[in-house]
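S.K.: fold the following and give me the result.
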Amino acid sequence: MAAVALRGDYAVGYRALGRFLAAGEARGYEPGTSQARFLFAVQCCWFEPLENGVQQAQRAREGLLAGGDLATAGYTYHTTVSCLLDCAPSLDACVAEAEAGLAFARRTGNERVGQRLGCYRWLAGVLRGESSAAAEAVPADRDGNPLALFNAHLTRAVAAAIFGDLAGLARHTAAAMPLVAAAPGVYTVAVARLLRGLALAGQARTAGGDQRAGLLAELDEQVGWLAGRAADAPDNFLHLVRLVEAERAWAAGDFRAAALAFDAARREAAGRQRPWHRALIAERAARFYLAHGAEHAGYALLGEARQEYATWGATAKAAQLDWAYPAPRPAPDATAAGGGGRPGDLPPRRAAVTTGTIDLLGIVSASQALSSETSIERLHARVAEVLGAMTGATGVHLLLWVGGRQDWLQPAPGGTVPVGGPGHEEAVPLSVLRYVQRTGEPLVAADAATDDRFARDPYFASAGCCSLLAVPVLSRGVLRAVLVVENRLIRGAFTAERLDAVQLIAGQLAISLDNAQVYAELTASRARIVAASDQARRRIERDLHDGAQQRLVSLALQLRAAQAAPPSEHAALLDRAVAEAAAAAEELREIARGIHPAALADGGLRPALKALARRSPVLVDLQVRADGRLPEQVEVSAYYVVAEALTNAARHARASAITVQAEADGDVLRVTICDDGAGGADFARGTGLAGLKDRVEAAGGRIILHSPRGAGTTLRAELPLTPANGGVTAP
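M.R.: Predicted coordinates:
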């Protein structure tokens, strides 16, 4: 074990344990020989078939029980269960061993063994449909047990791989890999590296640039590691190497290499008792062929995968495939035509499904994934991941349309950035975006690079071919974004039927975009409120220090001078002190007015707005139609809306006249400020208008800005007068 952990030398560890075991058997040492046999059972998977490790672990358990070493005997169950999951002919054998191990752990109080085996019982329940894979959070009690935590992430990654949850596969394998050091020389490390390789390949298919290169580099590390193990134990690892090589070639866009590697993986797995490996290889090959339009081969492989899963006992997975790929199956008593045949001789019939049906799993996965995202960047990454796996796309783009700015944006780390512009014409297919924006209809192009409508777009200049599918994302009838899916490997990769599935995803995407925008606005609003609060505190501190505090210090000095002066000078000194005190009081009133206007607190909205109008350097036509006092929150919000608008009109818009109207109409106070200034105001510029928007929306209202350049500005705010706010009170 030390040779593996410290130097990665599997051969030395295997040979040393073999010698210890032979010496112990020759001399009859117990329980030492059984302890050595257990360690040998853990290590022999690197050079012998998995089945040998199961047998050695079971023999070791018998000797350990006879020798009274109950703790080590409990750990043998983890070895047998993890190996039986992969090499037993049915899932039942693995479950029976896991249940026996859990019962033993309870009897002996071995909680650590119970935690490890509980992961496999959970996995079996998910595969059989007895529990939901959605409840896949790793239990908190695994934190103090690294190997149990590793197994928790590993089993959840196995479930994610089998059920096609690419996001879960990436998440759990990323969490498992740092824990590999806690399990030196254990077979499950190879499974973790296999699953990590599948996750990286899935991510690389939709990534671009440096990110893609980094993912492929990490994927190559996993392939190299598995290849080293396959050189010593081909029965256990060669088919896994071929599978990861196939996924790597698929991610790199090498169709021929991927097809050959998938074929080699199926050939290597065919003669070995590795049920879920064979099923997964067949399913991954099927999805590869379907993504490239080879439907006959794809459907045949899906039928093979479904049969492997069902025979193994993964009934939930078989049911998932039945639902996604419904196919009529022959009756049990069917016989071959011509008589004399045997039952079941009829050739399997291909599923009578449309291409849209193929995407049901992808649609469900996408809906679940997209509904949980609150960031535009993560939303784009998730939809690219799902659509890449579902359609075989080599690229997925989400381009956001900002109607107010008449501009396209694309997700980027930390937010969004404008697309196009001089020197960046090749970043996105602008001709496609304009086409979809103009027509409002989805687009399917067999080869956009040769399509007269788009061929002159710089984006397609270097493309030999580019199948393309573009779908508008609408929210309440308004264009929010365009989803562009492309395949630069083959022409005609996307059919009109496939469009139905992508449109369903686009519908969910519209909701998710709205949610992400609301979440982003809420986050930004909170940040602005905190910043404004900090700024206000600093301003108050500065005003007190520079103004009122200095006057109070001066007052104190004058009073001390009066104490020390002869009586004849008291009157003059006290007069100066009184004047200083009055000036300090006035300074404090000015500061307090900035915190909360005295006129608003004393007389309500009407006199407060009149005071604002009087102080404005621009002529203000003020009309207030509100009887009685309004709720304090509403009055304060309305006051600051008017104050900010008047300041902006005088300072920035260079207006010559302003109209202010405030009207309490039923359960809403409407405030409108119009000026004849330069216009061009925008919530995104500066903090004043953004702060007003935050304030009004925090009060449950809404604010509308209309400010065309050169045509003045109109700001409308609607503030609810709800019973919870106190409604309108009597004067």
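
S.K.: and the helices in the stretch 351-500 of the chain?
M.R.: 355-358, 360-371, 376-391, 430-439, 496-543 (DSSP state H, counting those that start in this stretch).

S.K.: quick one: secondary structure of Ala579?
M.R.: Using DSSP: H, G, I helix; E, B strand; the rest coil as the criterion, the local structure at Ala579 reads helix.

S.K.: so how many other residues sit close to it?
M.R.: The number of residues packed near Ala579 is 12, by other Cβ atoms under 10 Å. Yep, even glycine has a C-beta here, placed from its N, CA and C like the rest.

S.K.: got a pLDDT number for it?
M.R.: Ala579 carries a pLDDT value of 81.

S.K.: worst mean pLDDT among the helices of the stretch 351-500 of the chain?
M.R.: When the helices of the stretch 351-500 of the chain are ranked by mean pLDDT, helix 355-358 comes last with a mean of 44.

S.K.: quick check: the gap between Glu25 and Arg37.
M.R.: Distance from Glu25 to Arg37, counting by Cβ to Cβ, to the nearest Å: 9 Å.

S.K.: Ala294 too?
M.R.: Between Ala294 and Arg37 the distance is 49 Å, computed by Cβ to Cβ.

S.K.: which of those two has more residues huddled nearby?
M.R.: Legend: neighbour count by other Cβ under 10 Å for Ala294 and Arg37, higher for Arg37 (27 against 16).

S.K.: which helix or strand contains the more buried one?
M.R.: Assessed by DSSP states H and E, Arg37 sits inside helix 32-43.

S.K.: quick one: that helix to chain centroid distance?
M.R.: Here helix 32-43 shows a centroid-to-chain-centroid distance of 44 Å under the convention Cα atoms, centre = their mean, to the nearest Å.

S.K.: identify the residues contacting that helix?
M.R.: Contacts with helix 32-43, where a contact means Cβ atoms under 8 Å, 6 or more residues apart in numbering, come from 1, 4, 10, 13-14, 17-18, 20-21, 24-25, 53-54, 56-57, 59-64, 66-67, 69, 72, 75-76, 79, 185-187.

S.K.: quick one: the strands in the stretch 251-400 of the chain?
M.R.: Under the criterion DSSP state E, counting those that start in this stretch, the stretch 251-400 of the chain contains strands at 395-402.

S.K.: where does pLDDT dip in it?
M.R.: Residue ranges of the stretch 251-400 of the chain with pLDDT under 70: 323-375, 389-390, 392.

S.K.: which residue, other than its chain neighbours, is closest to Gln314?
M.R.: Check again: residue 314 is Ala, not Gln. Spatial nearest neighbour of Ala314, excluding adjacent residues (Cβ to Cβ, 6 or more residues apart in numbering): Leu127 at 4.2 Å.

S.K.: so the one you found makes contact with Ile162?
M.R.: Yes: under the criterion of Cβ atoms under 8 Å, Leu127 makes contact with Ile162 at 7.0 Å.

S.K.: settle it for me: which of those two has more neighbours?
M.R.: Leu127 (27 against 22).

S.K.: the more buried one and Ala318, how far apart?
M.R.: Distance, Leu127 to Ala318, by Cβ to Cβ: 10 Å.

S.K.: correct me, but Ser707 touches Ala684?
M.R.: No: Ser707 lies out of contact with Ala684 (Cβ under 8 Å); the separation is 12.0 Å.

S.K.: how is the chain divided into domains?
M.R.: 357-518, 525-595, 598-725 (automatic domain parsing).

S.K.: buried ones in the strand or helix carrying Asp602, by neighbour count?
M.R.: Per DSSP H and E, Asp602 falls inside helix 598-603. Residues of helix 598-603 classed as buried by neighbour count (16 or more other Cβ atoms under 10 Å): Ala599, Leu600.

S.K.: what's the following helix or strand after it?
M.R.: Where DSSP H and E defines the elements, the next helix or strand beyond helix 598-603 is helix 605-615.

S.K.: buried stuff in that following helix?
M.R.: Buried residues in helix 605-615, counted by 16+ other Cβ under 10 Å: Leu605, Arg606, Ala608, Leu609, Ala611, Leu612, Ala613.
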